[in-house]
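[1] coordinates only, sequence not included:
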Ligand code: HEC
């Protein structure tokens, strides 16, 4: 806030001692209150003499804290309502500590004892509340409950914690809202559009609340960018007063905006797998980038290769191989053979003629034998290899040791054992290895993970692997 320019820095320097000093009245007054009540018991009667002194020191430190807190408030940047509450409760605590002190030293009658005990009780509650609100001011109101266990969240009326989404390994398994739009909006917008702070009457915490919108109507209208207030606000010129997020906060990138636009134009669904949504090449790239699925981007191989022999490509296609370029401008190839075309395996050696071009290969559920891997092991430009659900064993894996460009290897549902991990440890570029549902043991995976921290070993049952 501007205030810091007008108020001398020294004021703020002194004010920043507030969070330190404020612990004094809390501790001192609490011990005073405790001693006051304990002293009624015979055993602790001796404490009685110290109560007044403790309350006096406590009151002085409380008043000092109020003063320092007031100075600190010039620093600005606090939510005005929250500051107001904390400030006045703090001042009330100061007053009640004085009242507790004076009713005690004033005159010892039964009445003054009752009055004194009431003051002490209120002081006790006031201390707790003020401290809590002060904590919220500095750390945010979610700070205390953020890691609360589920039963406690229930008791204090918080919604159950949202389940963490599993990491996305393949584009198809990403959910357009849950994995893309929602995290994006949460990240940039939720600090002002949540249950506690609902700026503009708008909640952006769920799909439903986005559709519902705020004071000016729905924030999202499916297939209508013009009527989607949210989209309008994020695409205004950055210095427009209605631009979101407001000045000072990092706006959405162009790519983010394209993704939101795509989502709205495609029905603004609350959920839906990308596998079920038609994506053109540009959109595929946008989603892949957003989801961090572009491992291979830095691979020098992707600089490109000469075009593969078109006769070979045609011949392989006629045998059932699906062969696609990675992109329009690229000669690199993505090759796969579906289980329906299992006869194509007889021509597997022909793949060697496209050795320089094939970077992705998928030969899953084809009854592939260890022997077949001799051929695959020579396709040393491979970056992604998917061999899931084939009866391959460790001896087949030993043929893969030359695939030094390999980044992702899917071996789920094969017969491999622990030895395969040793064999694969020579593949320095390997980043993802799927070994779920094999004979590899959990202990081995854990040990291996420690020696290859750069390698993501996917060992658990994960539906998205089955999909690929
Ligand atoms: C720093 C706080 C802050 C952040 C962060 C923020 N907003 Fe806002 N937003 C406001 C305030 C204040 C208003 C009400 C004033 C106004 O309408 O401009 C508002 C209003 C809106 C409205 C209009 C609601 C209505 O119906 O009037 C939309 C839409 C909106 N914000 C979207 C967003 C989006 C999207 C983001 C994330 C990119 C975002 N906001 C981030 C403070 C914020």
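    Structure's in. What do you need? Everything numeric here is computed off the predicted structure, so don't read it as measured data. Residues are numbered from 1 along each chain as shown.

[2] From now on I want contacts and neighbour counts done on CA atoms only, so please keep to that.
    Noted.

[3] Distance check, the residue nearest the centre of the chain against residue 248.
    Geometric centre of the chain, nearest residue: residue 183, 7.3 Å, by Cα atoms, centre = their mean. Applying Cα to Cα, to the nearest Å, the value for residue 183 to residue 248 is 20 Å.

[4] Residue 208 now?
    Taking Cα to Cα, one finds residue 208 at 28 Å from residue 248.

[5] go on, residue 74?
    Look at residue 74 and residue 248: by Cα to Cα, they are 20 Å apart.

[6] ok, now residue 219?
    Between residue 219 and residue 248 the computed distance is 22 Å (Cα to Cα).

[7] can you check residue 238 too?
    10 Å.

[8] can you check residue 233 too?
    Counting by Cα to Cα, the gap from residue 233 to residue 248 is 15 Å.

[9] With residue 288 instead?
    For residue 288, the distance to residue 248 - Cα to Cα - is 28 Å.

[10] These two: who's more crowded?
    A side-by-side neighbour count of residue 288 and residue 248, using other Cα atoms under 10 Å, places residue 288 first with 17 against 6.

[11] shouldn't that one be in contact with residue 174?
    No - if you go by Cα atoms under 8 Å, residue 288 and residue 174 don't touch, sitting 9.8 Å apart.

[12] what sits against residue 385?
    By Cα atoms under 8 Å, 6 or more residues apart in numbering, the residues touching residue 385 are 360, 361, 362, 406, 408, 409, 410.

[13] Equivalent analysis for residue 134, please.
    Contacts of residue 134 (Cα under 8 Å, 6+ apart): residue 86.

[14] Phi, psi for it please.
    Here is the backbone geometry of residue 134 (degrees, to the nearest 10): phi -60, psi -40.

[15] next one: residue 224
    The phi/psi pair for residue 224 (degrees, to the nearest 10) is phi -140, psi 100.

[16] Let me know the pLDDT of residue 364.
    Residue 364 is assigned a pLDDT of 91 by the prediction.

[17] need the contact list for it.
    Each residue near residue 364 by Cα under 8 Å, 6+ apart is listed here: 337, 338, 339, 386, 387, 388, 389, 390.

[18] if we can go back for a sec, contact partners of whatever helix or strand the residue nearest to the centre of the chain lives in?
    Assigned by DSSP states H and E, residue 183 belongs to helix 182-189. Contact with helix 182-189 is made by 204, 205, 206, 207, 245, 249, 250, 251, 252, 256, as judged by Cα under 8 Å, 6+ apart.

[19] Count the residues that sit near the closest residue in space to the third one that isn't next to it in sequence.
    The one in question is residue 206. Counting by Cα to Cα, 6 or more residues apart in numbering, residue 206 lies nearest to residue 182, which is 7.6 Å off, once chain neighbours are set aside. When neighbours are counted by other Cα under 10 Å, residue 182 registers 18.

[20] Could you number the chain from 165 rather than 1 from now on?
    Right, with 165 as the first residue, what we last looked at is residue 346.

[21] where does the chain dip in pLDDT?
    Along the chain, segments meeting pLDDT under 70 span 165-170, 326, 331-333, 458-468, 491-493, 624-632.

[22] That one against the ligand: which residues are in contact?
    Selection of the chain residues close to the ligand by Cα under 6 Å from any ligand atom yields 349, 352-353, 355-356, 363-364, 366, 377-381, 383, 393-394, 406, 408-410.

[23] Could you report the neighbour count for residue 218?
    20.

[24] Surely it is in contact with residue 190?
    No - using Cα under 8 Å, residue 218 makes no contact with residue 190, being 11.6 Å away.

[25] Show me the strands in the stretch 515-632 of the chain, by range?
    With DSSP state E, counting those that start in this stretch as the criterion, the stretch 515-632 of the chain has strands at 522-526, 548-550, 572-574, 596-598, 620-622.

[26] can you list those strands in a markdown table and add distance to residue 286?
    Converted to a markdown table, the strands of the stretch 515-632 of the chain look like this (distance: least, Cα to Cα, whole Å):
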| stretch | distance to residue 286 |
| --- | --- |
| strand 522-526 | 71 |
| strand 548-550 | 68 |
| strand 572-574 | 64 |
| strand 596-598 | 60 |
| strand 620-622 | 56 |
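
[27] Can you tell me which of the ones you listed is nearest to residue 315?
    Closest approach to residue 315 among those (Cα to Cα): strand 620-622, 31.2 Å.

[28] tell me what the closest one is packed against?
    Applying 3 or more Cα pairs under 8 Å, 6 or more residues apart in numbering; DSSP states H and E, one finds that strand 620-622 contacts strand 596-598, helix 606-615.

[29] which of the ones you listed sits most buried?
    Greatest average neighbour count among the helices and strands packed on strand 620-622 goes to strand 596-598 (a mean of 20), per mean count of other Cα atoms under 10 Å.

[30] What ranges does the stretch 315-464 of the chain have for its helices?
    346-353, 371-376, 393-399, 418-429, 445-454 (DSSP state H, counting those that start in this stretch).

[31] repeat for the stretch 515-632 of the chain
    Assigned by DSSP H, counting those that start in this stretch, the helices in the stretch 515-632 of the chain fall at 537-540, 558-561, 582-588, 606-615, 627-631.

[32] wait, which of these is closest to residue 334?
    The nearest among those, by Cα to Cα, is helix 627-631 at 7.5 Å.

[33] And residue 316, how close does it get to residue 595?
    From residue 316 to residue 595 the distance is 39 Å (Cα to Cα).

[34] let me redo that: residue 513
    Separation of residue 513 from residue 595 (Cα to Cα): 27 Å.

[35] per-domain residue ranges of the chain.
    167-318, 335-454, 462-631 (automatic domain parsing).

[36] Chain neighbours aside, what residue packs nearest to residue 268?
    For residue 268, ignoring the flanking residues on the chain, the nearest one in space by Cα to Cα, 6+ apart is residue 280 at 6.1 Å.

[37] Report the contact partners of that neighbour.
    Each residue near residue 280 by Cα under 8 Å, 6+ apart is listed here: 263, 264, 265, 267, 268.

[38] Equivalent analysis for residue 503, please.
    528, 529, 530.

[39] Looking at those, which is nearest the ligand?
    Nearest to the ligand, judged by Cα to the nearest ligand atom, of the contacts of residue 503 is residue 528 at 42.5 Å.
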